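> kindly return the folded structure for what I paste below:
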Amino acid sequence: MPIKKVVLAYSGGLDTSAIVPWLIEHIGCEVICFCGDVGQGAEELAGVAEKAKASGASSCYVVDQRREFVDDFVFPTLITGAIYEGRYLLGTSMARPILAKGQIELARKVGATALAHGCTGKGNDQVRFEATAAALAPDLEIIAPWRHPAWTLNSREKLLAYLKDRNIPTTASATKIYSRDRNLWHISHEGGAIEHINNAPPDDCWMLTTDPLKAPNNPRDVTLAFERGRLVAVDGTRAPGHELIAHLNIIAGEHAVGRVDLVENRLVGMKSRGLYETPGGTVIFEALRGLEEIILDRDTRAFRETLGQEFARIVYDGRWYAPLREAIQTCAEKIAEPLTGEIDVRLFKGRATTVRRRSPNTLYDERFATFGEEEVYKQSDAAGFIRLFSLPMRIRAIRDMDRK
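Numbers count the residues shown, from 1 in each chain. Okay, here's the model as predicted:
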């Protein structure tokens, strides 16, 4: 019987470096590694294929998914207005389904019969990977070492000792106390002093954003251009979405924009604290809301906000490939059709604020909105509107008076 082929979602970090030899020893399989480039940076990806092979993998595929990540996952989420629990811009949540999709595509290509991941049994990511597999490849076996009875490497020290015993090189050390996840959209920080909710965020954890106290004393205005709700240019320069986000990350990060300190409710039931940096994303989100303000009528905007709340839960919970996600996205795309225009966002000391708005589809008309003299709006008409608008309350009050 041929040896089983397993495709492992591989990052090159401590956990997945140990999982490669563990799978070989305990499952008796050939391990093929998949590493999706979703913008985690050249430093993190440097030598990742060689590292995987040094751990025992037969091969490692590094696939550039940056453009697909932004065009097919980030932008669709943005136009729904999705923010989990009002603060989290879903950086990790959006990346997991595309990574799992790429892993499955590789499994089909190499003829693998199983998928493996390094997610713990406490987190959300195990659900995101496995829900994607359920939707796209229900025939493939799932191997989750952290939940396996034979897995005993439940600490950083044990993982390091395991690799040392097998002469497998690693850049990890016992002093690296933060657990991080990075992609083009954001970086998250967990662990160490962050786990204690009475501790202020440690100064040494932030990577993408300047300390607001050290940010420039002069604000910077940046112009974002949108077409049908999608970012197409920054400061007059058109480029693919993933390049625009990378550019905004630098600009906004210099001005300390995009920091969030959040205690969130995980899908598995526990609360966890995370520090998130989403500099470029925070600017885009602010600009898109500024565009909505002048284009969408009140009822449409309110409905879009309802869609955003539900979409955030779907994405956070790992249900990207569920029919409801597709249905909500289709509706949001329709709502976003008129969202074309330019927004100027001012960056200053950790804040991103819309200051100017321009669109051919604006519903804002100074002739109606002015407090000065005008002829297009008859203020006397408001009396009849108010009387009809308040009619139910008036009828109730008359009824109560008649009962006395």
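
> for the stretch 51-200 of the chain, what spans make up the strands?
Taking DSSP state E, counting those that start in this stretch to define them, one finds strands in the stretch 51-200 of the chain at 59-64, 114-116, 141-143, 179-182, 187-190.

> highest average neighbour count across these?
Across the strands of the stretch 51-200 of the chain, averaging neighbours per residue (mean count of other Cβ atoms under 10 Å) puts strand 114-116 on top, at a mean of 24. The C-beta positions use only the backbone N, C-alpha and C, and glycine is treated the same way.

> that one: partners in the sheet, and parallel or antiparallel?
strand 4-9 (parallel), strand 141-143 (parallel) (DSSP bridges).

> can you add mean pLDDT and distance to residue 342 and give these back as CSV?
Shown next, in CSV, are those (pLDDT from 0 to 100; distance: least, Cβ to Cβ, whole Å):
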stretch, mean pLDDT, distance to residue 342
strand 4-9, 96, 39
strand 141-143, 97, 46
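
> now render these as TSV, adding distance to residue 213.
As requested, the strands paired with strand 114-116 are exported to TSV (distance: least, Cβ to Cβ, whole Å):
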stretch	distance to residue 213
strand 4-9	39
strand 141-143	47
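
> quick one: which of those strands is nearest residue 285?
strand 4-9 (28.0 Å; Cβ to Cβ).

> next one: that closest one to chain centre, how far?
26 Å (Cα atoms, centre = their mean, to the nearest Å).

> same deal with stretch 14-28?
29 Å.

> which of the residues in that stretch are buried?
For stretch 14-28, the neighbour count (16 or more other Cβ atoms under 10 Å) marks 14, 15, 16, 17, 18, 19, 20, 21, 22, 23, 24, 27 as buried.

> output the below-cut-off pLDDT ranges for the stretch 1-150 of the chain.
Applying pLDDT under 70 to the stretch 1-150 of the chain flags the ranges 1-2.

> mind putting the buried residues of stretch 14-28 into a markdown table with distance to residue 376?
Putting the buried residues of stretch 14-28 into a markdown table (distance: Cβ to Cβ, whole Å) gives the following:
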| residue | distance to residue 376 |
| --- | --- |
| 14 | 67 |
| 15 | 65 |
| 16 | 65 |
| 17 | 69 |
| 18 | 71 |
| 19 | 68 |
| 20 | 71 |
| 21 | 75 |
| 22 | 73 |
| 23 | 72 |
| 24 | 76 |
| 27 | 74 |
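
> out of these, which sit inside helices?
Among the buried residues of stretch 14-28, the members found in helices (DSSP state H) are 14, 15, 16, 17, 18, 19, 20, 21, 22, 23, 24.

> now the closest residue to residue 394 other than its chain neighbours. Its backbone dihedrals?
Distances taken as Cβ to Cβ, 6 or more residues apart in numbering place residue 387 nearest to residue 394, at 7.8 Å, with adjacent residues excluded. When read as degrees, to the nearest 10, the backbone of residue 387 gives phi -60, psi -40.

> next one: residue 387 from residue 395, what distance?
12 Å (Cβ to Cβ, to the nearest Å).

> neighbours of residue 160, how many?
18 (other Cβ atoms under 10 Å).

> thinking again about what came up before, what's the closest of the strands paired with strand 114-116 to residue 84?
Of all the strands paired with strand 114-116, the one in closest proximity to residue 84, counting by Cβ to Cβ, is strand 4-9 (22.3 Å).

> contacting residues around that closest one?
With Cβ atoms under 8 Å, 6 or more residues apart in numbering as the test, strand 4-9 has contacts from 16, 19-20, 23, 27-34, 36, 57, 99-100, 103, 106-107, 110-118, 129, 143.

> test my guess that residue 178 contacts residue 187.
No - using Cβ atoms under 8 Å, residue 178 makes no contact with residue 187, being 10.3 Å away.

> in the sheet, which residues pair with the nearest residue to residue 49 once chain neighbours are set aside? Tell me.
Of all residues not flanking residue 49 in the chain, residue 60 sits nearest, at 4.1 Å (Cβ to Cβ, 6+ apart). Assessed by DSSP bridges, residue 60 has beta-bridge partners residue 33.

> mind starting the numbering at 684 from now?
OK, 684 is where the count begins now, so the last one is residue 743.

> which residues touch residue 743?
Residues near residue 743 by Cβ under 8 Å, 6+ apart: 693, 715, 716, 717, 718, 731, 732, 735, 736.

> quick one, which of those residues are buried?
For the contacts of residue 743, buried by 16+ other Cβ under 10 Å: 693, 715, 716, 717, 718, 731, 732, 735.

> and the residues you listed as a markdown table, adding distance to residue 996?
Shown next, in a markdown table, are the buried ones among the contacts of residue 743 (distance: Cβ to Cβ, whole Å):
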| residue | distance to residue 996 |
| --- | --- |
| 693 | 29 |
| 715 | 34 |
| 716 | 32 |
| 717 | 28 |
| 718 | 29 |
| 731 | 33 |
| 732 | 36 |
| 735 | 34 |
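
> all good on my end, thank you.
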